[in-house]
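In: sharing a model that was predicted from the sequence below.
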Amino acid sequence: MQPNTIAFESTPECAEEQILRELNAALGDQAFRHWFDQKVSLTIEGDELTLGVASPFMVDWFVKQFRESAHQAVQSVLGPSSRVRFAVDAEIARRQLQAGDEERKPARPQAPTASQQSSKRRQRRPARRYADLREFIEGPCNDMALTAAWQVCNSSDSRFNPLFVHGPVGTGKTHLLEGIYRHIRTEHPQWQAVLLSAESFANYFTGALKDHSLPSFRQRFRTVDLLLVDDVDFFGGKRVIQEEFLNTFKQLTDNGGQVILSGNQHPRLLTKFSDELKSRLLSGMVCRLDAPDAETRRAIVHHKSRRLPGSFSQEALDFVADRFRNNVRELEGALHCLQTYYSMTGRRVALTAAQRVLTDLERDCIRVIRMADVEQAVCTMFGIDADQLRSSNRGRSVSQPRMLAMYLTRKHTRAAYSEIGGYFGGRKHSTVISAEKKIAGWVQRAETIQVASQTWPVRDVLEALEQQLQVG
């Protein structure tokens, strides 16, 4: 969940509020309060609305009961080509648990009007609870990033400026940024600190351009002591916004301010960033967060389970940690499924129940990678087409991407060596074996490879390709 607000300004009414009003009108006040008010999240990307709920059980229920109403509401606001999908939102589950009995009070006999209710939602919205750095579970997958975060919190000399943390989704990047922000606000209340997503920074900037209020915008962002920006990948390809952020970055650091950033990829892999901005991102401390290892996953599961109102056996918790390996959000989603089962039955969740409840979720977490997916990812990164990749061309600009494609196909599919060789130009199985060994050797020796006009470590290239394939 990305931070979408900053400390000094509230978020204006937007398309999400309009969609909620449409749903209120379609369902009636009582049904809306029971199922939607403070119980869902709405995220719009292009012409698609993602409606987040607390658990997979609720996803099934909403699809059956409210899919048509939600679709009509979205189309009325975003247009006839828009669509809606339902997904699990761990933040919604946490918020409902924190709200406790207050959220479950019966509705009053006389409901307010839709406009009154919309205003009341904004007034009753619970205060944002930022993650605590002390609750971040440390392991070999994240220890360097956590150490750097604490050093930034406990030092005023800005040695790591910027501090840039990167890694796949659900590995704790936002937790680290929120934890630093919360610690600074508590321990150094005199500091001016701002935490927001890159998308929010872009929205504030474009709003300032439209309203002719750039001096005010720059005063707000360039005079703070600490600026934390989540998901900077969003700036990719947005030249004007990159330039504004670069100038903000330079003025802040020149005046002794600290900048902390997060992204999905290493700064070198941000190919749609200007060279100057990339060099600035590389000038401080860059830390990678990986998917949690087995021991860290168990620690995370046991830590989070203690905060849920339910009873879970040790075997059930170990099952969650062993089966959901990609990121922390998967672990949270699985725990919320078990907590929902406990709420429905009132019985302690044992291993057998956990296996039964999580079967569908476990299956949905498996990403099936096809050879065509690998081929497309490699071709996109290296700017070549599929015919070139399968051709007899032995030039380095084609043969190296071809070897990477064979390596990734062998790693992430069930295809045999002969199948892989046949797919990539009718080659023998021994060619695929040789490519696999060669790429593994490059990774082990930390060798580099040419991508367009830049030289990248092979490990970083593989990481970027696997992110395109959406694997943990």
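Out: Sure thing, it's come through.

In: pLDDT weak spots in the chain?
Out: Counting by pLDDT under 70, the chain contains low-confidence residues at 1-13, 57, 93-128, 156-158, 360-367, 452-453, 470-472.

In: using the record's domain definitions, break it down for me.
Out: What automatic domain parsing lists as the domains of the chain is 15-124, 133-288, 294-364, 371-468.

In: what would those look like in a markdown table with mean neighbour count?
Out: C-betas here are computed from N, CA, C, even on glycine. Below are these laid out as a markdown table (neighbours: other Cβ atoms under 10 Å):
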| stretch | mean neighbour count |
| --- | --- |
| domain 15-124 | 16 |
| domain 133-288 | 18 |
| domain 294-364 | 18 |
| domain 371-468 | 17 |
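
In: what does stretch 396-413 contact?
Out: For stretch 396-413, contacts defined as Cβ atoms under 8 Å, 6 or more residues apart in numbering pick out 369-371, 374-375, 377-379, 381-382, 384, 388-389, 391, 393, 415, 417, 420-421, 423-425, 431-432, 435-436, 438-440, 449-450, 461-462, 465-466, 469, 471.

In: out of the residues you listed, name the ones that lie in helices.
Out: Using DSSP state H, the members of those that fall within helices are 371, 374-375, 377-379, 381-382, 388-389, 417, 420-421, 423, 431-432, 435-436, 438-440, 461-462, 465-466.

In: ok, the residue lying closest to Arg239 once chain neighbours are set aside - contacts?
Out: Once flanking residues are discounted, Arg239 sits nearest to Ser274: 7.3 Å by Cβ to Cβ, 6 or more residues apart in numbering. Contact analysis of Ser274 by Cβ under 8 Å, 6+ apart lists 239, 242-243, 246.

In: from the residues you listed, which is closest to Asp322?
Out: Ranking those by separation from Asp322, with Cβ to Cβ as the measure, puts Gln242 on top at 42.4 Å.

In: please state the offset of whichever strand or helix holds that closest one from the chain centre?
Out: Per DSSP states H and E, Gln242 falls inside helix 239-254. Put simply, helix 239-254 sits 24 Å off its chain's centre (Cα atoms, centre = their mean, to the nearest Å).

In: repeat that for stretch 235-251.
Out: 22 Å.

In: what's next to it, contact-wise?
Out: By Cβ under 8 Å, 6+ apart, stretch 235-251 touches 162, 198, 201-202, 205-206, 218, 221-222, 227, 229, 259, 270-274, 276-277, 280.

In: can we see that at 6 Å?
Out: 198, 202, 205, 221-222, 259, 272, 274, 277, 280 (Cβ atoms under 6 Å, 6 or more residues apart in numbering).

In: same deal with stretch 309-323?
Out: Outside stretch 309-323, the residues that touch it by Cβ under 6 Å, 6+ apart are 297-298, 301-302, 305, 334, 338-339, 342, 348-351, 354, 362.

In: could you single out the nearest of the residues you listed to Asp29?
Out: Among the contacts of stretch 309-323, Gln339 lies closest to Asp29 (Cβ to Cβ), at 28.6 Å.

In: and that closest one, what helix or strand is that in?
Out: Using DSSP H and E, Gln339 falls in helix 328-345.

In: for the residue nearest to the spatial centre of the chain, which non-adjacent residue is spatially closest?
Out: For the chain, the residue nearest the mean C-alpha position is Val169 (4.2 Å; Cα atoms, centre = their mean). Nearest non-adjacent residue to Val169, counting by Cβ to Cβ, 6+ apart: Asn327, 6.0 Å away.
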